[in-house]
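Undergrad: Generate a structure from the sequence data that follows.
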Amino acid sequence: MKNEEFKDLYMDLLNMKYKGKSVWEYFNNNSSNLVLTSAPHFIGELYGENKDFKLMVVGRAVNGWEYNFEDCVNSEDILYKILNQDFTFKDIEDNEVKGNNGTYFYSRSHFWRLIRKMLESYGEGENFNKKIIWSNLYKIAPRYSGNPGWLLIRQKLQTYIEIIKKEIEINKPTHALFVTDIDYFNHYEKGSQYPRFGEQLEVNEIDGFNYVVAKGKYKETKIIVCKRPEFRNTDEMVKEIKKVFEEEIK
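TA: I've put the predicted structure just below:
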């Protein structure tokens with residue numbers, strides 16, 4: 001099985017209770033108003049070639065991710081399918097992918113435009129899409145609608161955090177950019193009963209920047225949390241993010 005190191009963590013997510021059922025039961029029940037999906041982190045085939053700039057990019061969730069779980073009959077089937085998924089980073093290069101829910105245009109994605117320009121700023125624009133790790137904070141999400149609600153997240157928030165930590169520990173990116181804004185990264189206040197990514201990744205919220213909202217270092221990985229790029233100047237975002245990476249995190 002691919003991603004063997006993560007199987008217990010993902011099984012913990014699949015077995016949590018949600019609206020009267022185990023989460024895994026929502027993956028292949030298309031008669032339900034709520035159909036869920038999941039994807040692991042993906043590693044580009046050229047990731048790590050530049051030892052000085054190995055970038056991990058993290059979004060909020062995998063909502064809208066189309067993957068066929070309909071032949072699965074139990075949690076083990078779902079787990080196997082999740083962890084053995086492949087993602088062709090060529091999809092980003094080709095700009096558009098057709099699915100049951102319409103066509104997704106990578107060329108129109110503010111998220112991927114930011115990542116492309118980030119790589120270009122480090123001289124890694126050629127084949128930029130193959131040089132990254134792509135992950136998300138929350139690995140279980142609605143298949144046909146928006147980001148998961150907090151009812152689906154909060155009871156296993158520590159598990160989501162452990163998955164991200166393990167992804168960093170195993171793959172050792174030099175830089176990690178969380179394009180999530182602070183509300184999804186640290187949703188709950190300090191001192192609440194719920195854990196926070198910030199404390200466990202040693203990332204602190206900061207002021208004084210237009211786009212960067214938190215910075216820190218976990219193990220040897222420099223980490224920045226930035227605002228979402230929609231309706232913002234991508235070039236200015238890249239300049240600020242690069243400045244913080246190079247001058248503010250030692």
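
Undergrad: what about the strands in this structure?
TA: With strands called from DSSP state E, the chain shows them at 17-18, 21-22, 36-38, 42-43, 55-61, 96-99, 102-105, 132-138, 140-142, 175-178, 203-205, 212-218, 221-226.

Undergrad: between these, which gets the lowest average pLDDT?
TA: For those, mean pLDDT drops lowest on strand 96-99, to a mean of 47.

Undergrad: Can you list the buried residues in the longest helix anywhere in the chain?
TA: In the chain, taking DSSP state H as the definition, the longest helix is helix 157-171. Buried residues in helix 157-171, counted by 16 or more other Cβ atoms under 10 Å: 157, 159-165, 167-168, 171. C-beta coordinates here come from the backbone N, C-alpha and C atoms, glycine included.

Undergrad: next one: stretch 126-141
TA: Here stretch 126-141 shows 128-141 as buried, counting by 16+ other Cβ under 10 Å.

Undergrad: from the residues you listed, which two are the most distant?
TA: For the buried residues of stretch 126-141, the farthest-apart pair by Cβ to Cβ is F128 and I140; their separation is 28.2 Å.

Undergrad: Now tabulate the buried residues of stretch 126-141 in a markdown table and tack on distance to L119.
TA: Listed next are those as a markdown table, based on distance: Cβ to Cβ, whole Å:
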| residue | distance to L119 |
| --- | --- |
| F128 | 4 |
| N129 | 9 |
| K130 | 10 |
| K131 | 6 |
| I132 | 7 |
| I133 | 13 |
| W134 | 12 |
| S135 | 16 |
| N136 | 19 |
| L137 | 21 |
| Y138 | 25 |
| K139 | 24 |
| I140 | 29 |
| A141 | 26 |
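
Undergrad: Name the nearest residue to the residue nearest in space to the middle of the chain, sequence neighbours excluded.
TA: What sits nearest the mean C-alpha location of the chain, by Cα atoms, centre = their mean, is N136, with 1.3 Å. Nearest non-adjacent residue to N136, counting by Cβ to Cβ, 6 or more residues apart in numbering: G59, 4.7 Å away.

Undergrad: so how far is N15 from that neighbour?
TA: Shown here: G59 relative to N15, a distance of 24 Å by Cβ to Cβ, to the nearest Å.

Undergrad: higher neighbour count, the two?
TA: Using other Cβ atoms under 10 Å as the criterion, G59 and N15 rank with G59 on top: 20 against 13.

Undergrad: Spell out which residues sit in contact with L157, please.
TA: By Cβ atoms under 8 Å, 6 or more residues apart in numbering, the residues touching L157 are 194-195.

Undergrad: which intervals of this structure have sub-threshold pLDDT?
TA: Where the chain drops to pLDDT under 70, the residues are 1, 29-32, 90-108.

Undergrad: related to what we said a few turns ago, and the residue nearest to the centre of the chain, how far is that from L114?
TA: 15 Å.

Undergrad: for K227, same thing?
TA: 10 Å.

Undergrad: of these two, who's got more company?
TA: Set K227 next to L114 and count neighbours by other Cβ under 10 Å: L114 wins out with 24 against 17.

Undergrad: Name the nearest residue to the more buried one, sequence neighbours excluded.
TA: That would be P229: by Cβ to Cβ, 6+ apart, it lies 4.5 Å from L114.

Undergrad: buried set for stretch 207-216?
TA: Of all the residues in stretch 207-216, those buried under the rule 16+ other Cβ under 10 Å are 209, 211-216.

Undergrad: quick one: contacts for the residue nearest to I168 when sequence neighbours are not counted?
TA: Using Cβ to Cβ, 6+ apart and skipping the chain neighbours, the partner closest in space to I168 is T221 (5.3 Å). By Cβ under 8 Å, 6+ apart, T221 lies in contact with 56, 168, 172-176.
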